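> Please find the sequence and the predicted model below.
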Amino acid sequence: MHSIDTADDGLDPVIDARLRELEAEMPHLSTRETNMFALANAWAERHDAILALASPELRDEVEARLARIGVRWGVMPGSRVTLGFRVEDIEQRAKARRRARRS
């Protein structure tokens with residue numbers, strides 16, 4: 001489980017357990033389902049079942065956790081970022097590479 005999903009966010013223990021089960025099940029689902037549509041359908045069924053457990057006041061938190069899991073597995077839109085770069089860092093690296101090529 002990723003550290004962002006293990007924070008004490010005050011979720012109901014049943015919902016938290018279902019989210020953890022989903023995260024643990026995703027590698028199996030991704031290999032078992034024969035195509036992206038089947039994976040997306042399996043994801044949607046689990047997503048909706050978990051969301052149905054959430055009370056209105058917890059819905060945003062549950063949706064956010066589901067979204068992070070979905071983005072990681074490519075079944076929800078979003079960017080998978082493993083390392084962030086500031087624009088200044090990228091510009092400095094590019095300049096250093098250009099200088100190195102000229103040398």
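Right, received. Where do you want to start?
> Okay, buried residues for the longest helix anywhere in the chain please.
The residue-count maximum for a helix in the chain (DSSP state H) belongs to helix 13-32. For helix 13-32, a neighbour-count test (16 or more other CB atoms under 10 Å) marks Ile15, Asp16, Arg18, Leu19, Leu22, Glu23, Met26, Leu29 as buried. In short, each C-beta sits where N, CA and C put it, glycine included.
> Check the gap between the fourth one and Ser103 for me.
If you measure Leu19 against Ser103 using CB to CB, to the nearest Å, the figure is 53 Å.
> How about the fifth one?
Note on Leu22: its distance to Ser103, by CB to CB, is 52 Å.
> go on, Glu25?
From Glu25 to Ser103 the distance is 53 Å (CB to CB).
> Next: Ser55.
Relative to Ser103, and taking CB to CB, Ser55 is found at 63 Å.
> Between these two, which is the more surrounded one?
A side-by-side neighbour count of Ser55 and Ser103, using other CB atoms under 10 Å, places Ser55 first with 9 against 5.
> close enough to count as contact, Arg46 and Leu22?
Yes: Arg46 is in contact with Leu22 according to CB atoms under 8 Å; the separation is 5.3 Å.
> What's the mean pLDDT across stretch 10-25?
For stretch 10-25, the mean pLDDT works out to 92.
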